[in-house]
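**Student:** Need coordinates for the following:
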Amino acid sequence: MRESDQGSVTIWVLGLALLLLVFGGLALDYWRALALQRELASVADSAAVAAASGIDEEVYRSSGTVVLSPERSAALADAAIAWQGLEISSVSVDADADSVTIILTAQVELGLLGVFVDQDQPLVVRAEASAVPVFVP
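**Tutor:** Now for the predicted structure:
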C-alpha cells in the first residue's frame, strides 16, 4: 500500500455509511406516509359504511324507498371518524339522498426527510371512500 492511499478506505466506508443512513431515513419517511395513507383509507371506508346506514326512516316507512338522510349520514360519519382517535387535518362528508363520500387528509410527520424539505409545506396524504345504502329484504 502506498503512503498516499492511507485512509482512503475509511473515507469510502464513511461515505457509504452516510448514504445508507440517508436512504434508510428516506425509506422510513416513505413507509410512514404509506402507513398513514392506508390507515386513513381504512377510517374513510368505515365512516362511509356508517354514513350509508343513515337512512331516512320517515321516507322508508311511508314509501318503502331507501334514501339517505344527509344530516344523519354526516353525524354518523363524524362519530365513526372521531371514534378512531386519529389526528386528521380535514374531514369532508358529502352526503345526498343516494350516496355518501368521505374525504380525509392528514399530515405526515417527517423524520430525516424533514431536513431536506421545506417544513412550511408539509407532506399531506389523502383518502376517499364512497358508499350507498343497500336494501336487503
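
**Student:** Which single helix of the chain contains the most residues?
**Tutor:** With residue count as the measure and DSSP state H as the assignment, the chain has helix 8-52 as its longest helix.

**Student:** Can you name every helix or strand that it contacts?
**Tutor:** Contacts of helix 8-52 with other secondary structure elements, assessed using 3 or more CB pairs under 8 Å, 6 or more residues apart in numbering; DSSP states H and E, are made with helix 70-84, strand 90-95, strand 100-107, helix 113-116, strand 124-131. Where C-beta positions appear, they are placed from N, C-alpha and C, glycine not excepted.

**Student:** Go through those and find the least confident stretch.
**Tutor:** Between the helices and strands packed on helix 8-52, the lowest average pLDDT goes to helix 113-116, which shows a mean of 72.

**Student:** Go ahead and measure how far it is from the middle of the chain.
**Tutor:** Mean C-alpha position of helix 113-116 versus that of the full chain (CA atoms, centre = their mean, to the nearest Å) differs by 21 Å.

**Student:** Sounds good, over and out.
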